[in-house]
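In: generate a structure from the sequence data that follows.
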Amino acid sequence: MASEYDWDSGEGLSRIDDPAAVDAAFERGERHLGTAVVGLAFTCPLAESSPRIVRATGLPDPTERQFAFTAAGVAARVHGALTPELYAALRAEGSSGFAETAIDDALTFVPFRKLPPWLKRRWLLTGARDTAQGWWLRAADLADRVWRTVRRG
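Out: Sure thing, here's the model as predicted:
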């Protein structure tokens with residue numbers, strides 16, 4: 001029901017469940033479209049919310065674009081999957097941009113077998129880096145404890 005949504009202030013948009021209302025808002029050039037697609041990610045099936053999330057990732061307002069990538073992360077958390085179009089939008093944005101958290105959510109909540117090849121490589125590289133960093137930190141901690149023991153005499 002469109003009367004519940006205040007596009008000027010963004011009030012109620014996080015509960016939006018009507019893809020047609022979001023489409024109409026895109027056509028009118030409304031503000032707070034990023035917030036609206038976060039609401040869709042929570043309330044609609046992935047097939048319905050994905051095209052709108054992808055469209056919102058191209059918004060000119062950086063804050064709303066960031067919300068669009070947040071919506072992609074929410075979709076990964078809620079549905080345990082993303083569409084090829086969403087993966088393409090994440091890849092285009094890159095891991096150093098707004099998509100960083102959404103990519104991390106996909107790596108965490110989407111099963112490995114459902115990830116596209118580029119994200120599987122990232123998962124493997126991240127795992128190897130984290131393992132090496134863990135070894136390094138444990139070795140540094142051990143060296144610190146040995147040094148403290150030697151200094152105490």
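
In: distance between the helix ranked longest in the chain and the chain's centre?
Out: Once the chain is assigned using DSSP state H, the helix that runs over the most residues is helix 117-152. Distance of helix 117-152 from its chain centroid, counting by Cα atoms, centre = their mean, to the nearest Å, is 26 Å.

In: then stretch 68-84?
Out: 6 Å.

In: same question, stretch 111-129
Out: Taking Cα atoms, centre = their mean, one finds the center of stretch 111-129 at 15 Å from the center of the full chain.

In: can I get the CA coordinates of it in PDB?
Out: The C-alpha trace of stretch 111-129 is given here as PDB (Å, rounded to 0.1, in the frame of the first residue of the first chain):
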ATOM      1  CA  PRO A 111      27.200 -21.800   0.000                       C
ATOM      2  CA  PHE A 112      30.600 -22.200  -1.700                       C
ATOM      3  CA  ARG A 113      29.100 -24.300  -4.500                       C
ATOM      4  CA  LYS A 114      26.700 -21.500  -5.500                       C
ATOM      5  CA  LEU A 115      29.400 -18.800  -5.700                       C
ATOM      6  CA  PRO A 116      30.600 -17.700  -9.200                       C
ATOM      7  CA  PRO A 117      34.200 -18.500 -10.000                       C
ATOM      8  CA  TRP A 118      35.600 -15.000  -9.300                       C
ATOM      9  CA  LEU A 119      34.100 -15.100  -5.800                       C
ATOM     10  CA  LYS A 120      35.300 -18.700  -5.100                       C
ATOM     11  CA  ARG A 121      38.900 -17.400  -5.900                       C
ATOM     12  CA  ARG A 122      38.400 -14.600  -3.500                       C
ATOM     13  CA  TRP A 123      37.100 -17.000  -0.800                       C
ATOM     14  CA  LEU A 124      40.200 -19.200  -1.300                       C
ATOM     15  CA  LEU A 125      42.600 -16.200  -1.300                       C
ATOM     16  CA  THR A 126      41.000 -14.700   1.800                       C
ATOM     17  CA  GLY A 127      41.100 -18.000   3.600                       C
ATOM     18  CA  ALA A 128      44.800 -18.500   2.800                       C
ATOM     19  CA  ARG A 129      45.600 -14.900   3.900                       C
END
